[in-house]
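How does the following fold in three dimensions:
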Amino acid sequence: MKEINIKNDSGLLALAIRLVVGWTYFSAFWRRTILATKLDPDLPGYIGEKFNHFLPNALGIKPIIQYLVENPDILWINMVAFTIIEGIVGLFIIFGLFTRLMSIGVFGLAMGILLGSGWIGTTCLDEWQIGVLGIATGFVLFLTGSGKYSLDNYFVNHNYSFTKKKWFAWLGSGTIPIKERIFPKVVLIGSLLILGITLMTNQVFHGGLWGTLHNKSVKPKLEITEGKIENSTLSFDVFRTEGVDVYGSWVIAIELIDNNHNTVLQYTQEDLAQLKKENFDNYYIAKIKPGEHSLIVPLGAKARISLNHTVLSNMANGIYTLKITDISGAFWTHLIEK
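Predicted coordinates for the structure are as follows:
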């Protein structure tokens, strides 16, 4: 009889899931605090810049992300808190301590990953897969709790008083207090809702169900707005909304073209590399800035760029085309009226 009980211990059967999911979240804390310094805003690799990458195509939580990346101090506090929560959730899941409560944490963290960055992934829709699988495993771990090899089980076997409280069955492990006749319906409804979230986000982010399959992480895309020519200054906003998140778009030319297709003003990649800090008014934590050989535009970065040149003050009134060219050959245009 004892062997049969062990074989039917659903928490025990989910041990591999618990250990791997737990390490997945704890490792985020481990990487950012022990293996590298990713919580220092002044160092390369700051996690806040990665968070900024989520902004352009986040689903439902874009206003929250935008508020945070516009307020660096508040962003840092949230990145630290987020990292600590990931560490606690991951460690508690690994050891099977308050497993059901921590599974809610897994579900919530995974949902944040899915909505924020589910559109990112150059080859295998990486962030979307992490998000939907995290939501599914969080739900499974809530249903199963922890089994034989867990601290929850240790406390139960040693008759700790709090394990006899009703709340422990909801937040720890053991037989979940749902009536047997409705338990299958809870599992079915929860599973179908998670499947619905999976299919919906797959379609929204990638066109994975119908229409044209797309991946917004493959090619850079710049949005140009608010173009103005005043006196001897050309100013405009640039926002990079698509492309690979691990490196920037390299802008090698900015041109102003008249109605006769003549280039009246041109900044080459050498000119762009020599621009000063004063030429950029960055909106977010990810910053557009001159590189060694070109202008670097990270994913999610948005800035107002101002270029001063004497030729601008002598130009005739009319419609001009602002053209920005990436090193890949891709280019984007914006009409400006003087």
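
worst-scoring helix or strand of the protein, pLDDT-wise?
Least confident element among the helices and strands of the chain, by mean pLDDT, DSSP states H and E: helix 2-7 (a mean of 44).

Next secondary structure element downstream of that helix?
Following helix 2-7 in sequence order, the next helix or strand is helix 10-13 (DSSP states H and E).

which residues of the stretch 201-338 of the chain fall in strands?
Counting by DSSP state E, counting those that start in this stretch, the stretch 201-338 of the chain has strands at residues 221-230, 233-242, 249-257, 263-267, 280-282, 289-290, 295-297, 302-308, 319-326, 331-337.

Tell me who's in contact with T233.
T233 sits next to S306, L307, N308, L312 when contact means Cβ atoms under 8 Å, 6 or more residues apart in numbering. In this view, the C-beta of every residue, glycine as well, is placed from N, C-alpha and C.

at 10 Å what do you get?
By Cβ atoms under 10 Å, 6 or more residues apart in numbering, T233 lies in contact with S306, L307, N308, H309, L312, S313.

what does K50 give?
K38, M79, S117, I120, D245, V246, I285, A286, L299, G300.

Pretty sure it sits in a strand.
No. If the criterion is DSSP: H, G, I helix; E, B strand; the rest coil, then K50 is helix and not within a strand.

From W76, how far out is it?
Note on K50: its distance to W76, by Cβ to Cβ, to the nearest Å, is 13 Å.

Need the residues touching each of those two.
Residues touching both K50 and W76 by Cβ under 10 Å, 6+ apart: I285.

Tell me how many other residues crowd the residue lying closest to P56 once chain neighbours are set aside.
The shortest distance from P56 to any non-neighbouring residue, by Cβ to Cβ, 6 or more residues apart in numbering, is to T241 (3.8 Å). Look at T241: counted by other Cβ atoms under 10 Å, it has 16 neighbours.

doesn't T225 make contact with T241?
No. Between T241 and T225 there is no contact under Cβ atoms under 10 Å: 11.4 Å.

Which ones among the contacts of K50 lie within helices?
Among these, DSSP state H puts M79, S117 in helices.

Name the pair among the contacts of K50 with the greatest separation in space.
Based on Cβ to Cβ, the longest span within the contacts of K50 runs between M79 and V246 and measures 18.4 Å.

Look at these two and report which has more neighbours.
Comparing M79 with V246 by other Cβ under 10 Å, the one with more neighbours is M79, at 20 against 12.
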